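Engineer: model the following, please.
(chains A, B, C and D)
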There are 4 protein chains.
Amino acid sequence: MKGTGRVEAFSDGVFAIAITLLVLDLKVPAQSPLLAGLLAQWPVYAAYLISFLFILIMWINHHWMLEHIIRVDGTFMLLNGLLLLGITVVPFPTNVVAQYVLTPDQNIATAVYTGWFLMIALFFNFLWQYAARGGRLLSKDDHEAGLAGVVTARYRWGGPAYLAAFVLSFIWAPAALAVTFLLAVFYALPHEMSLPGDALSGGQTKVS
Amino acid sequence: MKGTGRVEAFSDGVFAIAITLLVLDLKVPAQSPLLAGLLAQWPVYAAYLISFLFILIMWINHHWMLEHIIRVDGTFMLLNGLLLLGITVVPFPTNVVAQYVLTPDQNIATAVYTGWFLMIALFFNFLWQYAARGGRLLSKDDHEAGLAGVVTARYRWGGPAYLAAFVLSFIWAPAALAVTFLLAVFYALPHEMSLPGDALSGGQTKVS
Amino acid sequence: MKGTGRVEAFSDGVFAIAITLLVLDLKVPAQSPLLAGLLAQWPVYAAYLISFLFILIMWINHHWMLEHIIRVDGTFMLLNGLLLLGITVVPFPTNVVAQYVLTPDQNIATAVYTGWFLMIALFFNFLWQYAARGGRLLSKDDHEAGLAGVVTARYRWGGPAYLAAFVLSFIWAPAALAVTFLLAVFYALPHEMSLPGDALSGGQTKVS
Amino acid sequence: MKGTGRVEAFSDGVFAIAITLLVLDLKVPAQSPLLAGLLAQWPVYAAYLISFLFILIMWINHHWMLEHIIRVDGTFMLLNGLLLLGITVVPFPTNVVAQYVLTPDQNIATAVYTGWFLMIALFFNFLWQYAARGGRLLSKDDHEAGLAGVVTARYRWGGPAYLAAFVLSFIWAPAALAVTFLLAVFYALPHEMSLPGDALSGGQTKVS
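Structural biologist: A predicted model of the protein is given here:
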């Protein structure tokens, strides 16, 4: 549990708790009949699903990243801390968008939501850039195999996509949410998960 | 913590948090006298107990499954993510059934509850089928010993049983809840936990 | 993470979450002035402290017990699950006693609280008895050193002490709470933690 | 997971949960327009940020401390438990200061907040002093390298700084909060994290 082990354990804990705390936004409807009350809450379920997939994907990427990092230093822990700050807050903008998406404030609510995702995507990129630049925290093999460049290319589209969703929020909120949802589904699909390093080992991770 | 280690750690975290968050549904009664107020909440306690046992059993099965899986890939992580989505939401239908079981909406409330359990049981089966088909993620020994077939037979009855409880919810809600409770107790009993693989080692798991 | 590793990880998670969720019972006082409002909540703080120490001690004992157990089986996992059920519910009776200790319902509230602790103490004893009987789940060395008998003697007083607190709840609630508090402090003191097995190694646990 | 492993796992869990539960203090504003409602909550965000950084830094220091400790005993576990008690409660004073910082009760609210941080800083110092005195729980190498003295000097300023913030709370609350914020940022910066032991290994921690 020394070295990256505890960073992983702490990060896993934060990801797992944040993803589970989302359920606290699902309130039992007070009005009768129950079925109508449950159905009327569909924006809450939609926001739950998007945020769950988003945190899950971030965790999968974080998991993958730490498999290729063999050292941590103070700067990495600070940047990782900022990423975790972003993740822990997710239930809040999720709740904002769920409550306001059907009101005239839908543009602001959606912008808060997509803007927060954009910020997390940027934090994630900072973290990876810091770890990979010059092979700083990578193993010699991964560095020489050009892992940094390949992965950086892969993450290149995350930032602009969330930026587009953020800008779209001010113009047409439902479209911005649709983009965010499609991004979550797209990244969740397995073909996206077979990253370069995995490809080398046939897309599978051997048990340690 | 590489390989299945972090999938286990993350999944354990989600199971542990979901099972603990159930307590937030237990509210201190506001009306006096206290004893009458506490006793009047019996549906809340019953729902708590069923959901606790359900998550506990799912965790035990998940624990057992991952002991026989030696590789994870992207599809496995996605299917595992869907299972965890199901688990994290459990406090919500638990709360629904606890609040509505004594009202005229009891059929809908019970159907939401048993239907959610049915969906989780299906997710679990998908996950196992994916891992075991052709021995995909199993060790060579387990595959050759025909583990997939034996376990698949065992899980065969989970789906239909929860489907029966779901259908029964619309006819006679108390009976559907009784079935769900009996299923939880039945699967929680140790004889159910001595699965084929365990049997080979005398029903005991050696410390790693 | 195989074998007892995941039972430990899951149990640790549940203990850690239950002990942290206690904070949700600490509400910011609404009435002004703030200082008076904070001070008026002293029963909430007292209940928080007792429950925190109780869960902490249970965790330390659980930690110690699993260091001497080298196998788990289905019955152990079920009994461990019952213990965890008891632990996860602790925030609820804590809240009950905090809100009702200064009302005429103080006897019932205190009985719920001490009765729950009594039940957890019994669950813990069942778990240890099951693991230690005939050295079932212990290492051969620990079994031959008579560990089961020594530890059983140690735990002998936990049950009766909480039973006394439970009975006292119906007679004089403040005294029952004082006993519960003193029990928590007494068990939390380090001399109590130097158990037989630790004594053999000089009261210290070597890093693995 | 034996030895310090489980103390780390349990502590990591508590730190991770406490830092994530802070989000429950972020409530969706009820009044419209949404943007004004969100902006009016700035004290809540500020308190969130300070508390998040504070717990993160405490975790990093705890992580670092346990890397240099090779044994745990009962006293260590009790002192560690007191530190965790302090950490789990953090969401409460965070909520107090967030709700009262713009009211006439701001001095009391700020004193509760900074006073709690002071107490945690003291608990942390007790824990380190206990572990390091005479090299009690350190490895022989670390003890002979004079680690205890170097680190003790480093932690020397934490206590007085939080004491100053506490005293300042009664005089000028905004200044006390500014000091607390600057302390959090200062300790979070990486140069602060390169401790003596890390310096020896080039500021980096090798993966185990």
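Engineer: if I look at the residue positioned nearest the centre of chain A, how far off is chain C?
Structural biologist: With distances taken as C-alpha atoms, centre = their mean, A:Met58 lies nearest the centre of chain A, 3.4 Å away. Note on A:Met58: its distance to chain C, by C-beta to the nearest C-beta, to the nearest Å, is 20 Å. The C-beta positions use only the backbone N, C-alpha and C, and glycine is treated the same way.
Engineer: for A:Phe52, same thing?
Structural biologist: Distance, A:Phe52 to chain C, using C-beta to the nearest C-beta: 19 Å.
Engineer: same thing with A:Ala30?
Structural biologist: Taken as C-beta to the nearest C-beta, the span from A:Ala30 to chain C is 21 Å.
Engineer: that residue contacts A:Gly37, correct?
Structural biologist: Yes - using C-beta atoms under 8 Å as the test, A:Ala30 is close enough to A:Gly37 to be in contact (7.3 Å).
Engineer: what's the closest non-adjacent residue to A:Ala9?
Structural biologist: The shortest distance from A:Ala9 to any non-neighbouring residue, by C-beta to C-beta, 6 or more residues apart in numbering or on different chains, is to D:Asp12 (5.0 Å).
Engineer: backbone dihedrals for that neighbour, please?
Structural biologist: Main-chain dihedrals, D:Asp12, degrees, to the nearest 10: phi -60, psi -40.
Engineer: before we move on, what about A:Ile69?
Structural biologist: Dihedral angles (degrees, to the nearest 10) for A:Ile69: phi -100, psi 130.
Engineer: contacting residues for it?
Structural biologist: A:4, A:76, A:131, A:137-138 (C-beta atoms under 8 Å, 6 or more residues apart in numbering or on different chains).
Engineer: what's across from it in the sheet?
Structural biologist: Assessed by DSSP bridges, A:Ile69 has beta-bridge partners A:Leu138.
Engineer: coming back round to it: thought A:Glu8 was touching the residue nearest to A:Ala9, still the case?
Structural biologist: No - the criterion here is C-beta under 8 Å, and D:Asp12 misses it with A:Glu8 at 9.9 Å.
Engineer: leaving out chain neighbours, which residue sits closest to A:Leu189?
Structural biologist: Nearest non-adjacent residue to A:Leu189 (C-beta to C-beta, 6+ apart): B:Leu78, at 7.1 Å.
Engineer: against chain B, how distant is A:Glu97?
Structural biologist: I think there's a mix-up here, since residue A:97 is Val and not Glu. A:Val97 is 18 Å from chain B, by C-beta to the nearest C-beta.
Engineer: any idea how far chain D is from that residue?
Structural biologist: Separation of A:Val97 from chain D (C-beta to the nearest C-beta): 10 Å.
Engineer: which residues does that residue contact?
Structural biologist: Contacts for A:Val97 (C-beta under 8 Å, 6+ apart) come out as A:43, A:47, A:109-110, A:112-113, A:177.
Engineer: how about A:Phe170?
Structural biologist: Counting by C-beta under 8 Å, 6+ apart, A:Phe170 has contacts A:107, A:111.
Engineer: cool, A:Leu118 as well?
Structural biologist: A:159, A:162-163, A:165-166.
Engineer: of these, closest to chain C?
Structural biologist: Nearest to chain C out of these is A:Tyr162 (C-beta to the nearest C-beta; 31.1 Å).
Engineer: before we move on, what's the pLDDT of that closest one?
Structural biologist: Note on A:Tyr162: pLDDT of 91.
Engineer: hmm, it is touching A:Thr114, no?
Structural biologist: Yes - taking contacts as C-beta under 8 Å, A:Tyr162 lies within contact range of A:Thr114: 6.3 Å.
Engineer: all strands for chain A, in order.
Structural biologist: Assigned by DSSP state E, chain A shows strands spanning A:71-73, A:204-206.
Engineer: parallel or antiparallel, list what pairs with the first one.
Structural biologist: Read that as strand A:71-73. Sheet pairing for strand A:71-73, assigned by DSSP bridges, gives strand D:204-206 (antiparallel).
Engineer: now the strand it pairs with: mean pLDDT?
Structural biologist: Averaged over strand D:204-206, pLDDT sits at 40.
Engineer: with stretch A:10-30 instead?
Structural biologist: 90.
Engineer: what's the answer for stretch A:92-99, then?
Structural biologist: 93.
Engineer: overlap in contacts of A:Tyr162 and A:Thr114?
Structural biologist: Shared contacts of A:Tyr162 and A:Thr114, counting by C-beta under 8 Å, 6+ apart, come down to A:Thr180.
Engineer: these two: which has the busier surroundings?
Structural biologist: A:Thr114 (27 against 24; other C-beta atoms under 10 Å in any protein chain shown).
Engineer: where's the more buried one relative to B:Tyr48, distance?
Structural biologist: 37 Å (C-beta to C-beta, to the nearest Å).
Engineer: again, but for A:Arg156
Structural biologist: 47 Å.
Engineer: more crowded one of the two?
Structural biologist: B:Tyr48 (23 against 11).
Engineer: how about the residues of chain A by chain C?
Structural biologist: Residues of chain A lying close to chain C (C-beta under 8 Å from any C-beta of the partner chain) are A:Ile17.
Engineer: quick revisit: among A:Ala30 and A:Gly37, which residue is more densely surrounded?
Structural biologist: Neighbour count, other C-beta under 10 Å: between A:Ala30 and A:Gly37, A:Gly37 has more, with 18 against 8.
Engineer: identify the residue spatially nearest to that one, adjacent ones excluded.
Structural biologist: Once flanking residues are discounted, A:Gly37 sits nearest to A:Pro29: 2.9 Å by C-beta to C-beta, 6+ apart.
Engineer: what do you get for A:Gly158?
Structural biologist: A:Ala121 (4.6 Å).
Engineer: pLDDT score for that neighbour?
Structural biologist: With respect to pLDDT, A:Ala121 has a value of 91.
Engineer: now do the contacts for it.
Structural biologist: If you count contacts by C-beta under 8 Å, 6+ apart, A:Ala121 has them with A:158-159, A:162.
Engineer: how much space between it and chain B?
Structural biologist: On the measure of C-beta to the nearest C-beta, A:Ala121 and chain B end up 19 Å apart.
Engineer: one more: A:Asp141?
Structural biologist: The spacing between A:Asp141 and chain B, counted by C-beta to the nearest C-beta, is 15 Å.
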